[in-house]
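Student: this one's sequence-less:
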DNA sequence: CTGAAAGCGCTTACAG
DNA sequence: CTGAAAGCGCTTACAG
């Protein structure tokens, strides 16, 4: 910046002023500074700027490291943040909720970001945490829809009711990673619904969000257990379940119905295509950023008006049980 | 930090020294500082630290925004960076190679990161760029394996040769997004190999890395075009191709062979499971970071010794053509 | 072993 | 409209 000032024949104060607002210097000066900036291809040191202004125009999104990468949610979150003039740092943290929380505590007071969105579960923040605003996505979603309602509760209920309506009586749940609140919720609502409707569950297997784990779950079932319907943690798991069933000579959906979750692009094209839940990942990403921006600006949390309600999609992997 | 110093009854210089190296202050002092830091739950302002040290211990990974999120590569890159004591910022940029390059130019001199790894293609950097080291992943991979060899060239050649060996004579390529160097490479090597072996190609369709695009490609083919083998851009596209074929009454692999790319977990479990190319995404991520770290430390670029060669995997989606 | 001082590159009142 | 000065929170020679 000093070099720019020298070349333009002005003080660095003026250069800085020009950078903030081109019209705050008089035309003659502006031309000189403009020229110097271009000639020297000057780029401001953003670290120094942040140090002075106490702002970074960066937001951090903290998530669990691992293969389960929430691409759609991140893309939407990034886009929303960019529109508001923020850059997004995606920070993936190895370990569980505790590790993420520790990282967030550091980050919140590092001066490196203006706010933090946690899209994997974290342990609740210590009261005295201090620092920049932190917004949680997963726990918030738990409270969505109806007050006190668990995330995905309505959908799991609908899935089980739909399958029961087709005539299924004996179920299996292949669950997702139980360190995720969403996976825990689905499991408990599954169990509660089975109970409430007087159905039978042969158990809850899985726990990994992986196709292999779906495959193993179904192939490990004892012969004659009578399962005719599977509620899978997501579409990847469901794909493993379908393949596992086939490997035992069970046809899908003739002998076994399988329900997925996420409406992944690929699930529309597999054979059989998967019945699944269309989740508004983009809406989740947008809402998270909106709530974070509100917190940063000291405004009240906005209503997630743009959020589509998750929808069940019925495809080829579900049908009435064999008679 | 001042508060810590006051509580500990020392100068902030001493607190800083303690933070750098606990043993550089005498035991008695150390205990006092330790106590003050814990009591006040002090976290250093990393922005101020970077400003002073000219180091951030952060690396940026720049990639194209969009659904095509390279999760495995990122996870491996992150992990490698963490081991070396660096945090990783994932910066996804909307727009093409030019936009990414512009962002990199800013970032390289923003003081916010110590180095940048570009894993989507960028335009070559201007000589006078300056700033922190920038390493390209995609263009580098182009030069991998054999000198002057295009990325994936050997694999595409092997795929076509394998299919030709099974007796296939008429091919279709459903390509990926042509703004990706890897997609362009595969297309041109596909074309060259078809030519060299005296085979027939009914064309190159697609251009999107999407299942829908694979579906559309195959369903748009004129009846009687004689295609019996498809080289798809990746497993997602291949899944769309398979479904499209089925929708026309073509059985896979009996009537049509389909080859994917990436060895995605799900492709092992679909029916038919996909013949594909196992790509060492983790190795790519690690290598990128290793080269970047070398550049940062002024060392010569390391050999990518850990890199597995991409391997063809033959599954149910390929077979001899109908007779 | 410890403290006072300088300085990293910016921005922003404050004078002029 | 412009410049000199202070200061953001650290680290690091330099004295002591």
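Tutor: Right, received. Where do you want to start? Computed from a prediction, not measured in an experiment: that's the story for all the values here.
Student: spell out which parts of the stretch 101-250 of chain A neighbour chain B.
Tutor: Within reach of chain B by C-beta under 8 Å from any C-beta of the partner chain, the stretch 101-250 of chain A has these residues: A:105-106, A:109-112, A:128, A:130-131, A:210-212, A:214-215, A:236, A:239-240, A:242-243, A:246. The way it works is simple: take the backbone N, C-alpha and C, and place the C-beta from them, glycine included.
Student: of those, which fall within the contact range of DNA strand D?
Tutor: Residues of these in contact with DNA strand D (C-beta under 7 Å from any atom of the strand): residue A:111.
Student: mind giving me the ChimeraX select for the residues of the stretch 101-250 of chain A next to chain B, buried ones only?
Tutor: One line in ChimeraX is enough to select the buried ones among these; burial here means 16 or more other C-beta atoms under 10 Å in any protein chain shown:
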select /A:105,109,110,111,112,131,210,211,212,214,215,236,239,240,242,243,246
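Student: narrow the residues of the stretch 101-250 of chain A next to chain B to those in helices?
Tutor: Among those, the members falling in helices (DSSP state H) are A:105-106, A:211-212, A:214-215, A:236, A:239-240, A:242-243, A:246.
Student: lowest-confidence helix or strand of chain A?
Tutor: The weakest-scoring helix or strand in chain A, judged by mean pLDDT, DSSP states H and E, is helix A:138-142 (a mean of 53).
Student: the stretch 51-200 of chain A: strands as residue ranges?
Tutor: Taking DSSP state E, counting those that start in this stretch as the criterion, the stretch 51-200 of chain A contains strands spanning A:58-64, A:87-93, A:115-118, A:134-136, A:170-175, A:200-206.
Student: columns mean neighbour count on top of the ones you listed, output as a markdown table?
Tutor: Listed next are those as a markdown table, based on neighbours: other C-beta atoms under 10 Å in any protein chain shown:
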| stretch | mean neighbour count |
| --- | --- |
| strand A:58-64 | 24 |
| strand A:87-93 | 23 |
| strand A:115-118 | 26 |
| strand A:134-136 | 22 |
| strand A:170-175 | 24 |
| strand A:200-206 | 17 |
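Student: can you put those strands in CSV and add distance to DNA strand D?
Tutor: What follows is the strands of the stretch 51-200 of chain A, written out as CSV (distance: least, C-beta to the nearest atom of the strand, whole Å):
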stretch, distance to DNA strand D
strand A:58-64, 17
strand A:87-93, 20
strand A:115-118, 18
strand A:134-136, 19
strand A:170-175, 44
strand A:200-206, 46
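Student: could you list the low-pLDDT ranges of chain A?
Tutor: Within chain A, the set of residues satisfying pLDDT under 70 comprises A:67, A:125-129, A:138-151, A:304-308.
Student: make it 80
Tutor: Regions of chain A meeting the criterion pLDDT under 80 cover residues A:66-69, A:121, A:124-130, A:138-152, A:181, A:303-309.
Student: so which bits of it are right by DNA strand D?
Tutor: Residues of chain A found near DNA strand D, taking C-beta under 7 Å from any atom of the strand as the criterion, are A:10-11, A:13-14, A:17, A:24-26, A:28-29, A:48, A:51-52, A:54, A:111.
Student: let's see that with 10 Å instead.
Tutor: On the criterion C-beta under 10 Å from any atom of the strand, DNA strand D has as its neighbours in chain A the residues A:5, A:8-18, A:23-30, A:32-33, A:47-54, A:109-111.
Student: buried among the residues you listed? Make that a PyMOL selection.
Tutor: Typed into PyMOL, the next command selects the buried ones out of those (criterion: 16+ other C-beta under 10 Å):
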select buried, chain A and resi 5+8+10+14+15+16+17+18+25+29+30+32+33+47+48+49+50+51+109+110+111
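Student: pretty sure residue A:112 contacts residue A:55?
Tutor: No: at 11.1 Å, residue A:112 and residue A:55 do not qualify as touching, with contact defined as C-beta atoms under 8 Å.
Student: check which helix or strand the closest residue to residue A:12 other than its chain neighbours maps to.
Tutor: Among residues not flanking residue A:12 along the chain, residue A:5 sits closest, at 4.1 Å (C-beta to C-beta, 6 or more residues apart in numbering or on different chains). Element membership for residue A:5 (DSSP states H and E) is helix A:2-8.
Student: could you chop chain A up by domain?
Tutor: For chain A, the structural domains run A:2-44, A:54-136, A:153-281, going by automatic domain parsing.
Student: relative to DNA strand C, which of those domains is closest?
Tutor: Nearest to DNA strand C, of all these, is domain A:2-44, at 3.1 Å by C-beta to the nearest atom of the strand.
Student: which other residues reach stretch A:30-47?
Tutor: If you take C-beta atoms under 8 Å, 6 or more residues apart in numbering or on different chains as the criterion, stretch A:30-47 is touched by A:1, A:3-5, A:7-10, A:14-15, A:18-19, A:22-23, A:25, A:56, B:47, B:50-51, B:56, B:105-106, B:109-112, B:128, B:130-131.
Student: same list, the residues you listed, but only the ones touching DNA strand C.
Tutor: Cross-checking these against DNA strand C (C-beta under 10 Å from any atom of the strand) gives A:1, A:3-5, A:14-15, A:18-19, B:47, B:50-51, B:109-111 as the overlapping residues.
Student: and the residues you listed, which two are furthest apart?
Tutor: When C-beta to C-beta is used, the two most widely separated members of these are A:14 and B:50, lying 26.5 Å apart.
Student: residues from chain A in reach of DNA strand C?
Tutor: For chain A, the residues in contact with DNA strand C under the definition C-beta under 10 Å from any atom of the strand are A:1-5, A:11-21, A:24, A:42-55.
Student: what sits against residue A:273?
Tutor: A:267, A:315-317, B:243.
Student: quick one: residues contacting the closest residue to residue A:164 other than its chain neighbours.
Tutor: The shortest distance from residue A:164 to any residue that is not its chain neighbour, by C-beta to C-beta, 6+ apart, is 5.6 Å, and that residue is residue A:197. For residue A:197, the residues meeting the contact criterion (C-beta under 8 Å, 6+ apart) are A:160-161, A:164.
Student: how about JSON lines for these, with distance to residue B:251 and neighbour count added?
Tutor: Shown next, in JSON lines, are those (distance: C-beta to C-beta, whole Å; neighbours: other C-beta atoms under 10 Å in any protein chain shown):
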{"residue": "A:160", "distance to residue B:251": "35", "neighbour count": "25"}
{"residue": "A:161", "distance to residue B:251": "37", "neighbour count": "14"}
{"residue": "A:164", "distance to residue B:251": "35", "neighbour count": "17"}
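Student: fine, thanks again, bye for now.
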